[in-house]
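Asker: Sequence and predicted structure, then a few things I'm wondering about:
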Amino acid sequence: MRPPFRLLYSLLIVLGACRPSGGAEQSAPVAEPARPLAFLATQQLVVAPLNRLREADALGWTQQIPRSREFMRAFDEALQAELGARGLSSRWVYPPALVQAGRNSPSYAVDPYALAAGPLRSPSAAVGVRVADPLAGQLRTMVALQESARAVLIPAELWFDRTPAGQGVAVVRLALVDGRTTEIRWIGDVRGTPQASFSRELVTSLVAHTADLFAAP
């Protein structure tokens with residue numbers, strides 16, 4: 001089951017909609033994408049909300065988003081739906097559940113929408129590096145409120161980039177951090193499918209490519 005229409009529609013509202021037609025010529029077989037995070041499918045994983053939308057880009061596309069907060073929440077919902085459609089919903093903890101956990105333990109809670117994720121956007125962020133406080137303390141608290149979670153997936157930043165061909169592409173910096181040791185276990189920039197114009201396909205393809213890290217469609 002693919003992401004429900006209402007989630008894609010919400011992205012359409014904050015963005016703006018085309019798929020290239022296929023040719024008659026038979027294409028060569030496409031290799032299966034690498035899934036470096038497939039091992040997480042059987043674990044309880046905390047999925048944090050998108051932490052930041054970059055304010056400016058060379059294409060001026062960020063300025064075409066009238067409500068950045070709504071756009072970021074729509075990304076979170078679309079990612080949750082896509083991962084759920086690939087069978088990754090039963091044990092994973094998504095933003096709505098993180099908010100609920102905070103309400104159940106208000107004196108011990110962490111606002112998942114206010115993570116101090118700046119260090120994950122730094123060029124020095126790499127596998128094996130331990131994040132410091134305040135992010136370290138926030139992550140320890142987040143996993144402590146869950147039954148058996150240890151790792152936290154953080155979409156640290158989303159931005160739009162220009163390709164050499166002059167098209168635009170949505171990119172998200174993802175970091176997988178061990179909530180107990182605060183060590184970065186995986187970090188990388190995931191790119192969507194390049195588009196000639198500003199449309200919801202920028203983000204829907206980005207969500208799909210992000211889910212590809214974990215499981216096949």
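Answerer: Good, I have the coordinates.

Asker: Report the central residue of the protein.
Answerer: If you average the C-alpha coordinates of the chain and look for the closest C-alpha using C-alpha atoms, centre = their mean, you land on Pro155, 4.3 Å from that point.

Asker: those strands in the chain, which residues are they?
Answerer: The residue ranges that make up the strands of the chain, judged by DSSP state E, are 45-47, 151-162, 168-178, 184-191.

Asker: Which one of those strands lies nearest to Gly128?
Answerer: With C-beta to C-beta, the closest approach to Gly128 among these belongs to strand 184-191: 6.7 Å. All C-beta atoms are positioned from the backbone trio N, CA, C, and that covers glycine.

Asker: low pLDDT regions in the protein?
Answerer: Within the chain, the stretches falling below the threshold (pLDDT under 70) are 1-33.

Asker: max-length helix in it?
Answerer: The longest helix of the chain (DSSP state H) is helix 68-85.

Asker: Which positions in it come out as buried?
Answerer: Within helix 68-85, the residues that count as buried by 16 or more other C-beta atoms under 10 Å are 71-85.

Asker: same thing with stretch 129-140?
Answerer: When neighbours are counted by 16+ other C-beta under 10 Å, the buried residues of stretch 129-140 are found to be Val129, Val131, Leu135, Ala136, Gln138, Leu139, Arg140.

Asker: ok so, going back, right, and the residue nearest to the centre of the chain touches Val172 too?
Answerer: Yes. In this structure Pro155 lies within contact range of Val172 using C-beta atoms under 8 Å: 5.3 Å.

Asker: Please enumerate the shared neighbours of the two.
Answerer: Overlap between the contact sets of Pro155 and Val172, as judged by C-beta atoms under 8 Å, 6 or more residues apart in numbering, is given by Leu50, Thr210.
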